[in-house]
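Novice: what follows is a predicted structure for the sequence shown.
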Amino acid sequence: MQPRLELMSLGKIRAAIRNPKTHDLPGIAASIRRFGFKDFPTLNEATGRLVEGHGRLIALKAIKKEGPKPDMDLAWPPENVVEKGRMWLCPVVRGQSWKDDVEAAAYLAGHNQLTMASGWDNKILAELFREIGAVDDALMSSLGFDDDFIDTLVATEGERGMAPPPGPPKEFPEAKPGDMNTPHECPKCGFEF
């Protein structure tokens, strides 16, 4: 079966029976309100339940319940969500299946953990924060990063980025016998050199 996108009613999308992942729901909702619904949940065809996208689905339901915010000049409903009467339809990745429930559960856990186990290149991240903040400081609040983390990273990486990287010395002094006293001993035979 080939993967495909299909619009499904929010009320008909069923969560996995067990999902150990916790979510930053206010952060996910802020991201969806700002950028639209861009990261689509995936359904396991074998069970008819989600294997990823639980937090996004919960946040989308909360956004629908809260309604539009007049102080935010954003699309309603969020981009990629279709309003049909009183129903919201959102894109879901369909056509995926796993050989059994254990493999689907392993995918669910591994998919989340591999994302969380990743790190950041702090220099590049600080550059992105500076660029985003220079264009639209309000965007920073929808990234999911703590304000103190952003400020510290930008300040620290900014200081590092201002100094040129150290280069080799202009001249290398000539080594003389006796300049370096580095006795060594063979661990097997005890010979000293």
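Specialist: Thanks, I have it. The structure displayed is predicted, hence computed values, not measured ones.

Novice: from here on, contacts and neighbour counts on C-alpha atoms
Specialist: Will do.

Novice: so residue 26 touches residue 58, yeah?
Specialist: No - when contacts are counted by C-alpha atoms under 8 Å, residue 26 is not listed as touching residue 58 (10.3 Å).

Novice: for the record, mean pLDDT for the longest strand anywhere in the chain?
Specialist: The residue-count maximum for a strand in the chain (DSSP state E) belongs to strand 87-96. Here strand 87-96 scores 96 as its mean pLDDT.

Novice: name the helices or strands packed onto the helix or strand that it is followed by?
Specialist: Note on strand 87-96: by DSSP states H and E, the next helix or strand toward the C-terminus is helix 101-117. Applying 3 or more C-alpha pairs under 8 Å, 6 or more residues apart in numbering; DSSP states H and E, one finds that helix 101-117 makes contact with strand 49-52.

Novice: list the buried ones in stretch 28-36?
Specialist: For stretch 28-36, burial by neighbour count (16 or more other C-alpha atoms under 10 Å) applies to 28, 29, 30, 31, 32, 33, 34, 36.

Novice: nearest to residue 68, of the residues you listed?
Specialist: Set against residue 68, the nearest of these by C-alpha to C-alpha is residue 33 (9.2 Å).

Novice: and the closest one, how close does it get to residue 146?
Specialist: 18 Å (C-alpha to C-alpha, to the nearest Å).

Novice: what number of residues lie near residue 24?
Specialist: Applying other C-alpha atoms under 10 Å, we find 11 residues neighbouring residue 24.

Novice: and what of residue 57?
Specialist: That count, for residue 57 with other C-alpha under 10 Å as the rule, works out to 24.

Novice: now do the contacts for it.
Specialist: 10, 41 (C-alpha atoms under 8 Å, 6 or more residues apart in numbering).

Novice: that one sits in which helix or strand?
Specialist: Going by DSSP H and E, residue 57 is part of helix 54-66.

Novice: what comes up buried for that helix?
Specialist: Buried, per 16+ other C-alpha under 10 Å, within helix 54-66: 54, 55, 56, 57, 58, 59, 60, 63, 64.

Novice: out of those residues, who's nearest residue 96?
Specialist: residue 54 (16.1 Å).

Novice: that closest one contacts residue 17, correct?
Specialist: No - using C-alpha under 8 Å as the test, residue 54 is too far from residue 17 to be in contact (11.1 Å).

Novice: pLDDT averaged over the helix holding residue 57 - what is it?
Specialist: 94.

Novice: how far is that helix from where the chain is centred?
Specialist: Put simply, helix 54-66 sits 18 Å off its chain's centre (C-alpha atoms, centre = their mean, to the nearest Å).

Novice: got it, and stretch 58-67?
Specialist: The gap between where stretch 58-67 is centred and where its chain is centred comes out at 21 Å by C-alpha atoms, centre = their mean.
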